[in-house]
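> next input, structure requested:
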Amino acid sequence: MLDYLSLISDSEMNMAKEKITKWNILDGLRNDKEIAAYLEAALEEGYDFFLSALDDAARAQGINLLAKKMGVNRQSLYKSFGKDKRPSFETVFKAIDGLGLRISFTPRQRMRVSAGTH
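Reported below is the predicted structural model:
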């Protein structure tokens with residue numbers, strides 16, 4: 001009879017014993033550059049995803065600090081970016097500003113139409 005455990009190397013056995021931990025997006029948002037890259041990528045996925053990412057960024061920086069920078073209280077900031085909420089553009093803009101970021105615009109790539117085509 002074949003002993004399957006004898007076929008597993010020591011390193012494979014150690015990997016199997018390692019504890020798997022739950023990943024938290026906030027652990028990856030440690031500085032302005034990481035937050036900016038995350039929000040930029042989120043915006044490409046759509047407005048709802050962007051709002052969720054903005055909530056993540058607010059939590060990563062600290063709700064109290066961001067609320068103070070925005071001139072609002074902590075509770076209203078939680079309410080603005082809670083699940084299924086639709087904050088005003090002014091609130092979104094203030095949050096982006098409070099995070100120390102700015103919005104920039106770039107043209108979309110456009111399909112070129114040749115001169116002979118109608």
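
> show the contacting residues for residue 82.
Going by C-beta atoms under 8 Å, 6 or more residues apart in numbering, residue 82 touches residue 55. Every C-beta, even on glycine, is put in place using the N, C-alpha and C of the backbone.

> could you pull out the helices in this structure for me?
10-17, 32-45, 47-61, 63-70, 74-80, 89-98 (DSSP state H).

> deepest of these, which one?
Mean neighbour counts were compared across the helices of the chain using mean count of other C-beta atoms under 10 Å; the top stretch is helix 47-61, at a mean of 19.

> now mean pLDDT and distance to residue 105 too, for the helices of the chain, in TSV please.
Putting those into TSV (pLDDT from 0 to 100; distance: least, C-beta to C-beta, whole Å) gives the following:
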stretch	mean pLDDT	distance to residue 105
helix 10-17	62	46
helix 32-45	92	11
helix 47-61	92	15
helix 63-70	94	23
helix 74-80	89	24
helix 89-98	95	13
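
> to residue 108, which of those helices lies closest?
Nearest to residue 108 among the helices of the chain is helix 32-45 (11.4 Å), distances taken as C-beta to C-beta.

> so how far is the closest one from its chain's centroid?
6 Å (C-alpha atoms, centre = their mean, to the nearest Å).

> list the contacts of it.
With contacts defined as C-beta under 8 Å, 6+ apart, helix 32-45 is touched by 25, 28-29, 49-50, 52-54, 56-57, 60-61, 96, 99-101.
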